[in-house]
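Chemist: the following block contains a protein sequence and its predicted model.
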Amino acid sequence: MSRSPQRLRKGASVVATAALIGAGAFATQSAAAAEPRVDNPFVGATQYVNPFWSEAVVDAAAEVDDSALASDMLAVSTQPTSVWMDRISAIAGNADGPGLKFHLDEALAQKEPGVPMVFNLVVYDLPGRDCFALASNGELPATPAGMERYKTEYVDEIVDLLDQPEYEDLRIVATIEPDSLPNMVTNSNHQPCQVAAPYYREGIAYTLDALHDVGNVYSYLDAAHAGWLGWDNNAQGSAQEFAEVVESTDAGWTSIAGFVTNTANSTPLDEPFITSDVSLGNLPIRSADFYEWNPDFDELDWTAHLYDLMVAQGAPADIGMLIDTSRNGWGGPDRPTVASSSTDISTYVEESRVDRRTHRGAWCNPAGAGLGERPTVAPEGYDESHLDAFVWVKPPGESDGSSEEIPNDEGKSLDRMCDPTYSGPQVGGNLTGALPGAPLSGKWFQAQFKMLVANAYPAIGDEGPVDPDTEAPTAPTGLTAGATTATSVALSWDASSDDTAVTGYEVLVDGTVAATSSSTSTTLTGLSADTSYEVAVRARDAAGNRSIASTAVTITTDEAASGTDTTAPTVPAGLGASDVTASAATLSWSASSDDTGVAGYEILRDGAVVATVTTTSYTDTGLSADTAYSYAVRASDAAGNTSAASAAVSVTTDAAPPAGACTVSYAAPNAWNDGLTANVTVTNTSGSAVSGWEVGFTLPAGQTISNGWSGQFTTSGSDVTVGAMPWNGTLPAGGSVSFGYNASHGGSPTAPTGWTLNGNECTTL
């Protein structure tokens, strides 16, 4: 990795000079002048309030007719926010605001004697910046020349200012290059990201070392958010990428203080009613369409997950986490106050989630968002997340991107995710939910700021921020077991108290939630006869807080009544297989007999139950091609008696047909003079599942893809390959996958040709 010659801190160079002169005492005085490094830079410190942003908030309040809303705006005008260095001209100052020296001097003016001052800074100008988005593309190209400018005209200039002796008592907290390394993991097949990758890694390593050399800079590496990196593959890949970059620095793990998540995003801090222990109809909550099997529902989940992964990668145990809570409150009248009572998983999620976006990928100026937790030092109650602070990295009121094309000299373009009229596969076919009338990213957006303040959660009161409800209810007492049968027990207990209100109770059997109740009694059913259980109860409130469990009671169910049916059905006979394909097999057998009646049959594949049916046939699907399976069947009756398994039958599936036979539906619903947006749907007609799908096609002459979504794009001249994402890697037989892209063209939006799926020719519809 090439770097400019190593820079000495100005204080260090003076000490070295003094040592040559022989003034040994001088070094001791200089070392004592600078504050020693601390584990959490926010503890015991005040934070810089950007007067330029505060003035914009005051101006915004003056334009509002609603006096209560204006008052709430003014109430947040003194919150600390980060100062963004989003291009080279921002260092000296430009039309968007004053330069870095102005802010550093203002921080010194705000600093109280003897009290440390935190100055929050965002370093954000990598070559090829935001390779998978258009709204925030940067000024420097992903080229050696761009890399050199980044180092010498951007990083070195910032470091030279921070390294001035007058600023050595400030604690500089730097957010390092939002969205950069996450793009290396999830968009590695996208051609602009492939080009930018080496510059991202080199640039960030250079920046971390340069800032570390200053001595009073605490760098936090951006780590995206739960809705982006929560899947296991993305999370593990990100942890490895982060570790490799950090370990490539001269300072290693001491070059960073930790990680910052949710930068400029609106993923909720906490989803109080969406928890991993909720399942409906045997489906875990993460299987709902909104979560797409991502187990990290909110930023508390993601930071706890990330911490464990990074420590496993070699990070020190005291590594810290920051969460940007500037726009993830999701308050207002649409915020759920209780969990849904629906037993349908999709309905439950829709009615219970506080995140009201159309899709977790909807990142641009999302309608309905609100201010989140105010900046908070070492917030309590989140031990697993190892939080150093809640921060406002993205100043509320600054746009994410324009909702239409706006000419500019900043390298920013229209990203269709900022267009409220656009719907595409990257938002599950929904509209983006972006606010209309948005200016370029970073510009003041009055409509957004009004919305954020109105929907703040915790709400903003006349006396300032309202503390969130983090107090758990008291534990239930007086748990008593009443009438008991062979399969049930009646339970009752005394009500719990809470600072808001108790919304329900969870009944735990042997430590696992077995039932819920909205009152202080319930009858627990489905127990086994003559069996002992340990039962306890815990309370929950509207904010999702849960009490500790009550004192447990042990109950023993009655013996089964005399005369109970204990005779098992006869063993099913005649098991055979037919209609075997590469991915399915149909089984049939003769009916069993029973003295009361057969209630159903359990199908065992390789010794494990895979289905229960009431008929004497079953088609097992989702099998692997050219694979041997062993099947058996057993019968059960209404009393729960189960027969022995039938004689096994061996089934070998057919060989897979050529993977990739498909049809393609292509449409360009939005086209303009020199550009277009294309939507593609590929359907697998091969008869068997395709794992790790890859679609190829050839662009017409004059077309160039600028960005794509819901797939990993690789281009070579006019040839394009789109690979699977971690969440859509398997394309089942008869299933479809959709992706899309923006492209420029030379005057005619002609459709691509030569469509293939995993190398096999497709039919264009």
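Modeler: Arrived safely, thanks for sending.
Chemist: may I have stretch 602-613 exported as PDB, CA atoms only?
Modeler: Coordinates of each C-alpha in stretch 602-613 appear next as PDB, following Å, rounded to 0.1, in the frame of the first residue of the first chain:
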ATOM      1  CA  GLU A 602     -46.000 -38.700   9.500                       C
ATOM      2  CA  ILE A 603     -43.600 -38.900   6.500                       C
ATOM      3  CA  LEU A 604     -40.000 -39.500   7.400                       C
ATOM      4  CA  ARG A 605     -37.100 -38.700   5.100                       C
ATOM      5  CA  ASP A 606     -33.800 -40.100   6.100                       C
ATOM      6  CA  GLY A 607     -35.200 -40.700   9.600                       C
ATOM      7  CA  ALA A 608     -36.600 -37.100  10.200                       C
ATOM      8  CA  VAL A 609     -40.300 -36.100  10.000                       C
ATOM      9  CA  VAL A 610     -40.700 -33.800   7.000                       C
ATOM     10  CA  ALA A 611     -44.500 -33.600   6.800                       C
ATOM     11  CA  THR A 612     -47.800 -34.700   8.400                       C
ATOM     12  CA  VAL A 613     -50.800 -35.500   6.200                       C
END
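Chemist: pull out the buried positions in it.
Modeler: Residues Glu602, Ile603, Leu604, Arg605 are the ones in stretch 602-613 that count as buried (16 or more other Cβ atoms under 10 Å). To be clear about C-beta, it is placed using only N, CA and C from the backbone, and glycine gets the same treatment.
Chemist: give the contact list for Leu699.
Modeler: Ile705, Ser718, Asp719, Val720, Ala743, Pro752 (Cβ atoms under 8 Å, 6 or more residues apart in numbering).
Chemist: and those, which is closest to Ala197?
Modeler: Ile705 (17.4 Å; Cβ to Cβ).
Chemist: distance-wise, check the residue sitting nearest the centre point of the chain relative to Ala304.
Modeler: Nearest to the geometric centre of the chain sits Ala226, at 1.6 Å (Cα atoms, centre = their mean). From Ala226 across to Ala304, the span is 10 Å (Cβ to Cβ, to the nearest Å).
Chemist: what sits against the closest residue to Tyr457 other than its chain neighbours?
Modeler: The shortest distance from Tyr457 to any non-neighbouring residue, by Cβ to Cβ, 6 or more residues apart in numbering, is to Gly331 (2.9 Å). Taking Cβ under 8 Å, 6+ apart, we find Gly331 in contact with Gly370, Leu371, Asn455, Ala456, Tyr457, Pro458, Ala459.
Chemist: who wins for most neighbours among those?
Modeler: Leu371 (29 neighbours; other Cβ atoms under 10 Å).
Chemist: phi first, then psi, for that one.
Modeler: Main-chain dihedrals, Leu371, degrees, to the nearest 10: phi -60, psi 140.
Chemist: now do the one 3 residues further on
Modeler: For Arg374, the backbone dihedrals (degrees, to the nearest 10) come out as phi -70, psi 150.
Chemist: per-residue confidence for it?
Modeler: We have a pLDDT of 95 for Arg374.
Chemist: for stretch 36-45, which positions count as buried?
Modeler: Buried residues in stretch 36-45 (16+ other Cβ under 10 Å): Asn40, Pro41, Phe42, Ala45.
Chemist: do the same with stretch 666-680
Modeler: In stretch 666-680, counting by 16+ other Cβ under 10 Å, buried: Tyr666, Ala668, Asn670, Gly675, Leu676, Thr677, Ala678, Asn679, Val680.
Chemist: which residues lie in contact with Lys450 in this structure?
Modeler: By Cβ under 8 Å, 6+ apart, the contact set of Lys450 is Ala60, Val64, Leu69, Met73.
Chemist: can you check Ala638 too?
Modeler: Asp565, Thr596, Gly597, Ala599.
Chemist: helix or strand next in line after the longest helix along the chain, which one?
Modeler: Looking across the chain with DSSP state H, the single longest helix is helix 191-214. Note on helix 191-214: by DSSP states H and E, the next helix or strand toward the C-terminus is strand 217-222.
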